[in-house]
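**Student:** make a model of this:
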Amino acid sequence: MISLGRYNTTMKRFLSLSLSLLLLCAWADRPLWISRAETITPTDLRAHLGFLASDELEGRDTPSRGLDLAGMYIVSHLQRWGVKPAGENGTYYQQLNYRVDAVNTSESRIQIGGRSFEYGVGFVARPVPLNASAPLVYVGYGWSNPHKGIDPYAGLEVRGAVLVVQAGYPKEVVELGFDAAAQAGWLSPEQNAEQKGAIAILRIDPTDMGRIERIARAWVQRRSVEGLQPISNIPVIVASQPLLEAIFAGEKVSAAELIQRADSGEPAPSFALTAEKRIAINLSVQTQKEVARSVIGIIEGSDSALKNEYVSIGAHLDHVGVARSGEDRIFNGADDNGSGCVALLEVAEAFATGPRPKRSILLLWYAGEEKGLLGSRLFVERPTVPLQNII
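**Tutor:** Sure thing, here's the model as predicted:
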């Protein structure tokens, strides 16, 4: 006969053993990825973000020293976890090669009719070098469409000339949008200038002529990615009202009338300015090279066949840098997109140090997102893995 107390003790031991076995079975059935996901912790996320969004990285502009340091930080962790490089030439990087053109404002001038106009006061121009004296031709909007017989250049000699164009667009171009207009045969003033041999475009823009100094600060420098962004060889100039008055002095159409027509969207008929009148343009431009880098890594899949397919996960690494003025000038970019970068970094650790999925994981930290999705565009243009293998 078993006493109640002894019975209770036996039952307690039995229940305790049963619960232990149940927990052991439950743990054994627990997917391994859950245990690896536990490597993603608020402490790690905070530490990573504390570095990437720190003042020392100066807002991670593209390109910048801070962005370079951010990329090196990401790569150091990928190397430690055994993530394979998937950038160019066996590295973790895909390189954006920047060309930086900057106007030398003190040496840039326009002269006409015995008067001289300074950059940033009398005019503003895109940083395309030019030193020439040329005649002028007014061509309305400057848009043409050979399929529709629309040609504001007909009967005019524009080779070697400066095209004076009115700001705005023909009604059909506005209605269609630029892509559809191009398919419909419309050619822009820049395209016409290149095809017909004009050396520059001078724009009549009633809105911009009142803010020349402000536009000059934005236009004085141009960054472009080689092989990704087309670089125009035609300078585009916005003239101040005094410069326009000097250009159209003594002509059959006055500067005041052309400004009014530009304001109302009614261009005048095309005409060549007086043959003796020439405009001397000196745009002094300095060019230098800069580099920014996206970071790319691969966690190879476990299946011998499926590992050649990729699940892509990406985040942009850059932000907008440092303000020109103010007390707190650094845009740290914790949310945009430091948070996304550190989340991706923690996901990379979880997959790299745990059981591998059957397919490979492609990890991308893009540069240049804030400048027009440049890093992602470059990857699509020059993929480091076959695009058709990304699912």
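
**Student:** so who does Y98 touch?
**Tutor:** 63, 223-226, 289-292 (Cβ atoms under 8 Å, 6 or more residues apart in numbering). The way it works is simple: take the backbone N, C-alpha and C, and place the C-beta from them, glycine included.

**Student:** now do 6 Å
**Tutor:** Contact analysis of Y98 by Cβ atoms under 6 Å, 6 or more residues apart in numbering lists 63, 223, 290.

**Student:** so which of these would you say is closest to K277?
**Tutor:** Among those, R223 lies closest to K277 (Cβ to Cβ), at 35.7 Å.

**Student:** not counting residues beside it along the chain, what's closest to E107?
**Tutor:** Nearest residue to E107, sequence neighbours excluded (Cβ to Cβ, 6 or more residues apart in numbering): S284, at 3.9 Å.

**Student:** what's near enough to touch the one you found?
**Tutor:** Counted by Cβ under 6 Å, 6+ apart, S284 has contacts 104, 107-108.

**Student:** now those in a markdown table, with secondary structure and neighbour count?
**Tutor:** Formatted as a markdown table, the contacts of S284 follow (DSSP: H, G, I helix; E, B strand; the rest coil; neighbours: other Cβ atoms under 10 Å):
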| residue | secondary structure | neighbour count |
| --- | --- | --- |
| N104 | coil | 15 |
| E107 | helix | 13 |
| S108 | coil | 24 |
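
**Student:** for the nearest residue to G375 once chain neighbours are set aside, the count of nearby residues, please.
**Tutor:** Nearest non-adjacent residue to G375, counting by Cβ to Cβ, 6+ apart: Y366, 3.3 Å away. Residues within reach of Y366, counting by other Cβ atoms under 10 Å, total 25.

**Student:** touching, Y366 and S294? I think so.
**Tutor:** Yes - using Cβ atoms under 6 Å, Y366 makes contact with S294 at a distance of 5.0 Å.

**Student:** give me the common contacts of the two.
**Tutor:** G375.

**Student:** tell me the bridge partners for F271.
**Tutor:** Y138 (DSSP bridges).

**Student:** for Y153, what are its contacts?
**Tutor:** V139.

**Student:** mind doing that once more with 7 Å?
**Tutor:** 139, 144, 192, 196 (Cβ atoms under 7 Å, 6 or more residues apart in numbering).

**Student:** least confident secondary structure element in the chain?
**Tutor:** helix 4-29 (a mean of 41; mean pLDDT, DSSP states H and E).

**Student:** and the helices in the protein?
**Tutor:** Using DSSP state H, the helices of the chain run over 4-29, 32-37, 42-52, 65-81, 171-176, 178-183, 189-196, 212-219, 241-247, 255-264, 339-353, 374-381.

**Student:** in the third one, what's buried?
**Tutor:** Residues of helix 42-52 classed as buried: 48-49, 52 (neighbour count, 16 or more other Cβ atoms under 10 Å).

**Student:** between these, which is closest to A216?
**Tutor:** Of those, the one sitting nearest to A216 (Cβ to Cβ) turns out to be L52, at 33.9 Å.
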